[in-house]
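[1] Pasted the sequence and its predicted model underneath.
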Amino acid sequence: FMKGRKSSETVNTLMLEMHKMRGSGMSKLLTKKQHDIIAFEDASKIEKHSVIQDCSLFVIGSHQKKRPHNLVMGRVFNGNVLDMFEFGVEDFQSMREMKANMTLPMDMKPLILFQGEPFEMSEKHKRCKNLLIDFFKMADSTEVNVQEMQRILVFTCMSNTANITCQ
């Protein structure tokens with residue numbers, strides 16, 4: 001997780017919460033400075049950081065007038081960017097703002113649910129689904145105890161849009 005040239009408080013909070021959800025042993029949060037990275041213009045800086053940090057997944061948060069509250073998520077394989085997806089963040093509500101009667105451990109393994117026909121029909125959405133699964137799954141499970149299920153990540157894609165909604 002790293003900040004781009006400019007970053008908003010919304011994007012910083014989202015990246016911090018995503019980092020905590022992955023667990024401190026599964027991700028690195030680079031918070032010391034802004035990084036001069038524009039993901040879709042020059043991937044060489046991403047590739048360089050992935051080798052230095054020994055990571056295969058990355059998230060870059062940025063904020064610009066034309067692209068406010070922006071996240072770029074992607075994968076690196078063998079020192080080369082495999083794929084990247086750009087997400088605009090709208091109506092973000094941090095976990096601290098949610099009214100819940102109990103506190104969940106941030107690193108609890110979630111149930112991941114994908115809703116919408118495009119996740120099965122569109123190649124672009126299939127790749128995005130695969131990236132999100134790689135990013136959020138902690139380990140494979142063959143059994144689930146429904147009574148202990150406490151964290152669910154829901155990704156929704158409407159069939160008439162290219163937008164994906166995360167709840």
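    Perfect, thanks for sending it. Only a predicted model underlies this, so the values are computations on that prediction, with no experimental measurement involved. Numbering: from 1, shown residues only.
[2] where does the protein dip in pLDDT?
    Applying pLDDT under 70 to the chain flags residues 24, 32, 34-35, 99-108, 138-139, 147-148, 159-167.
[3] what about the residue nearest the centre of the chain, which helix or strand?
    By CA atoms, centre = their mean, the chain has its centre lying nearest to M73, at 5.8 Å. In the assignment (DSSP states H and E), M73 maps to strand 70-77.
[4] Let me see the ranges of the helices in this structure.
    Taking DSSP state H to define them, one finds helices in the chain at 9-22, 44-53, 118-121, 123-136.
[5] between the ones you listed, which gets nearest to M2?
    Closest to M2 of the helices of the chain, according to CB to CB: helix 44-53, at 7.0 Å. Bear in mind the C-beta positions are built from the backbone N, C-alpha and C, glycine included.
[6] Show me how far that closest one is from its chain's centre.
    18 Å (CA atoms, centre = their mean, to the nearest Å).
[7] Dig out what L111 forms beta bridges with.
    Counting by DSSP bridges, L111 is bridged to I152.
[8] Please determine how far it is located from M15.
    Noted for L111: a distance of 22 Å to M15, by CB to CB, to the nearest Å.
[9] The two: which has the busier surroundings?
    M15 (22 against 13; other CB atoms under 10 Å).
[10] The more buried one contacts N70, doesn't it?
    No - under the criterion of CB atoms under 8 Å, M15 makes no contact with N70, lying 11.3 Å away.
[11] Need the residues touching each of the two.
    G61 (CB atoms under 8 Å, 6 or more residues apart in numbering).
[12] shouldn't L29 be in contact with M18?
    No - if you go by CB under 8 Å, L29 and M18 don't touch, sitting 9.3 Å apart.
[13] which neighbours do those two share?
    F1.
[14] The residue nearest to the centre of the chain: what's it in contact with?
    Taking CB under 8 Å, 6+ apart, one finds 57-59, 84-85, 87, 131-132, 135 in contact with M73.
[15] Over to M84?
    M84 neighbours (CB under 8 Å, 6+ apart): 39-40, 43, 72-74.
[16] Which single one of those residues is nearest to T142?
    Using CB to CB, M73 is the member of the contacts of M84 that lies nearest T142, at 27.3 Å.
[17] Near H19, how many other residues are there?
    The number of residues near H19, taken as other CB under 10 Å, comes to 19.
[18] for it, what are its contacts?
    Contacts of H19 by CB under 8 Å, 6+ apart are 1, 27, 29.
[19] quick revisit: out of the helices of the chain, which is closest to C157?
    Closest among the helices of the chain, using CB to CB: helix 118-121, at 4.6 Å.
[20] how about that closest one: buried residues?
    Under the neighbour-count criterion of 16 or more other CB atoms under 10 Å, helix 118-121 has 118-119 buried.
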